[in-house]
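Asker: The following block contains a protein sequence and its predicted model.
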Amino acid sequence: MERRVVLDTNVLVAGLRSSLGASYRVVQLLGTGRFTHVVSVALAFEYESAITRPDSGISLSRTAIDDVLDYVVATARRQPIYFLWRPRLPDPGDDLVLEVAAHGRGDTIVTFNTRDFRGSEQFGIRAVRPYPFLQSLGVVL
């Protein structure tokens, strides 16, 4: 069964901030066929905004960041959003992630803020942290 996954912005930022830990491993697995990650145009712009902030803690050059973003989008299933269900969650940024998962028939949102996605279960979507997600794939660090 194909796993369809949406990465919350905080996982991408953490994965680019450090080459240690579960977030980095999740980012490494993008495009490998272990799961399908889903993005929308709005989520891609959210990723770009977060990882190019001066206070992001990411030490990559702008060229390298652009290359990463290009790869993330090129290897993703791109999901158009035809209508909005907002607000569903307390944070509008989280609603953006939930919409991509729901429209893209995702089963998992990988995030550090699982509590922020309470209610995603009504769409058949689980919110899990990066390490348990890797465990569900049978991947160890």
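Answerer: Perfect, I can see it now.
Asker: what about the strands in this structure?
Answerer: With DSSP state E applied, the chain shows strands at 4-7, 36-39, 77-78, 108-110, 126-128, listed in chain order.
Asker: contacting residues around the shortest one?
Answerer: Spelled out, that is strand 77-78. Arg4, Thr36, His37, Val38, Val39, Ser40, Val41, Gly104 (Cβ atoms under 8 Å, 6 or more residues apart in numbering). Where you see a C-beta, it was placed from the backbone N, CA and C, and this is true even at glycine.
Asker: Out of those residues, which is nearest to Ala14?
Answerer: Using Cβ to Cβ, His37 comes nearest to Ala14 of those, at 15.5 Å.
Asker: So which residues make contact with the lowest-mean-pLDDT helix or strand in the chain?
Answerer: Across the helices and strands of the chain, mean confidence by mean pLDDT, DSSP states H and E is lowest for helix 92-103: a mean of 88. Helix 92-103 is contacted by residues 4, 6, 8-9, 38-40, 42-43, 46, 79-82, 84-89, 106, 108-109, 111, 113, 116-117, 120, 123, 125 when judged by Cβ under 8 Å, 6+ apart.
Asker: What subset of those residues is buried?
Answerer: The neighbour count (16 or more other Cβ atoms under 10 Å) marks 4, 6, 8-9, 38-40, 43, 46, 79, 81, 88-89, 106, 108-109, 111, 113, 116-117, 120, 123, 125 as buried among those.
Asker: quick one on the thing from earlier: so of the contacts of helix 92-103, which ones are in helices?
Answerer: Using DSSP state H, the subset of those located in helices is Thr9, Ala42, Leu43, Glu46.
Asker: What is the most widely separated pair among these?
Answerer: Thr9 and Ala42 (11.4 Å).
Asker: bridging residues for the closest residue to Ala76 other than its chain neighbours?
Answerer: Spatial nearest neighbour of Ala76, chain neighbours left out: Val39 (4.4 Å); criterion: Cβ to Cβ, 6 or more residues apart in numbering. Counting by DSSP bridges, Val39 is bridged to Arg78.
Asker: Now do the same contact list for Val39.
Answerer: If you count contacts by Cβ under 8 Å, 6+ apart, Val39 has them with Val6, Tyr47, Val72, Val73, Ala76, Arg77, Arg78, Gln79, Val100.
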